[in-house]
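In: have a look at this prediction, sequence included:
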Amino acid sequence: MIYVKLPLNLTEVAYLRTRSAGEELCLEQDIPDSERRAAFLAAEIVLGNVPPDWLTASDQLRWAQLSSAGFRPYSTLSDRDLNFAITNCAGVFGIPVAETALAGILALVRGIPTFVRDKGERHWRGDLIRPELGKLSGSQVILLGHGDIGGSVRRMLQGFGCMVSTMGHRRGSGADFYTVEELDNRLPAADVVVAALPETEQTVGLFGPDRLALLAPHCILVNVGRGSLIDEAALLEQLRAGKLGGAVLDVTGHEPLPEDDPLWTAPRTLLTQHSAGGARDEHRLIIDRFLHNFRRFRSGEPLEYVVDLGRGY
């Protein structure tokens, strides 16, 4: 039985049902809250992100397919303590996340938030705003992360004529550089910095006050990785002081972001609310990833996209 913790519409359910070889589906959305855990414990396979303690309580589970690329909530689990595989959706969200990053960069560079605000206020700036508008073409970009998202961001920015240098979080990945020392040397010349890093001991707090201070006053900082990367208090200070060109944040330290969080009113800041990977066909893509591994699972082949809980990515 497959326990499906993914809110599917009728078309998506039919798509999954017809392609899962007659496997019994247990749709969480059709089960009362009080009965969901018991239903899960009877399943052999799960599609979706169930609570971590459910995984450790199951004796029947043989494979868990996450509906996300990240697996931070499961970081307290150990591969040694589990007798089943956990796979994720790495690679599914690269293009929409990259498009969101690109949209945010272009919006800030070309003054779109100002134009949107002026439209609501019926305020015409005309020639006065022209000197404030930048160009993305020819920009120096530092990209942190050399995975699927980073690769998609790089290709899109290169299409705009940007000069992109990539920092990898593990050697041998084909990045341009790997050390924070080299990062610090390059940051002052960057027009845009895009972070698409996983959360590890090395990435938590990577952009603290000292490193943020290295950025040029016109630089745009984008984070589509993990919220723990940036010291948000220091970021706010830089933005309010006019020492940073802007920020595009898909992830934040607290999610959902509290209503009284100062990031809501931070100048030159776009908050995309951890939705950068979203798309109309998102569930279909997740189902396709699941079905790809489902065929391997049933034929006894090794699963792909197995997560390394200890490494964190």
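Out: Perfect, thanks for sending it.
In: from here on, contacts and neighbour counts on C-alpha atoms
Out: OK.
In: residues in contact with stretch 210-222?
Out: Residues from elsewhere that reach stretch 210-222 (C-alpha atoms under 8 Å, 6 or more residues apart in numbering): 101, 105, 108, 184, 187-195, 234-235, 238, 242-249.
In: swap that for stretch 97-108, please
Out: 113, 136, 149-150, 152-153, 156-157, 194, 220, 222, 224, 246, 248, 268, 270, 276-278.
In: one more time with 7 Å
Out: P113, L136, I149, S152, V153, V222, G246, V248, L270, A276, G277 (C-alpha atoms under 7 Å, 6 or more residues apart in numbering).
In: just the helices in the stretch 1-150 of the chain please.
Out: For the stretch 1-150 of the chain, helices defined by DSSP state H, counting those that start in this stretch occupy the ranges 10-19, 33-41, 52-57, 94-109, 112-121, 148-158.
In: can I get the contacts of stretch 97-108 in TSV with distance to R80 and neighbour count?
Out: Listed next are the contacts of stretch 97-108 as TSV, based on distance: C-alpha to C-alpha, whole Å; neighbours: other C-alpha atoms under 10 Å:
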residue	distance to R80	neighbour count
P113	49	16
L136	47	19
I149	29	26
S152	34	19
V153	35	27
V222	36	24
G246	43	26
V248	38	24
L270	41	21
A276	33	21
G277	31	20
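In: among those, which one lies nearest to L55?
Out: Taking C-alpha to C-alpha as the measure, L55 sits nearest to G277 out of these, at 25.3 Å.
In: pLDDT wise, what is the closest residue to F290 other than its chain neighbours at?
Out: Counting by C-alpha to C-alpha, 6 or more residues apart in numbering, Q65 is the residue found nearest to F290 once chain neighbours are left out, at 6.6 Å. Note for Q65: predicted pLDDT of 98.
In: bridging residues for Q65?
Out: L47, T87 (DSSP bridges).
In: these two touch, right, G145 and S165?
Out: No - here G145 does not reach S165: they are 10.4 Å apart, not a contact under C-alpha atoms under 7 Å.
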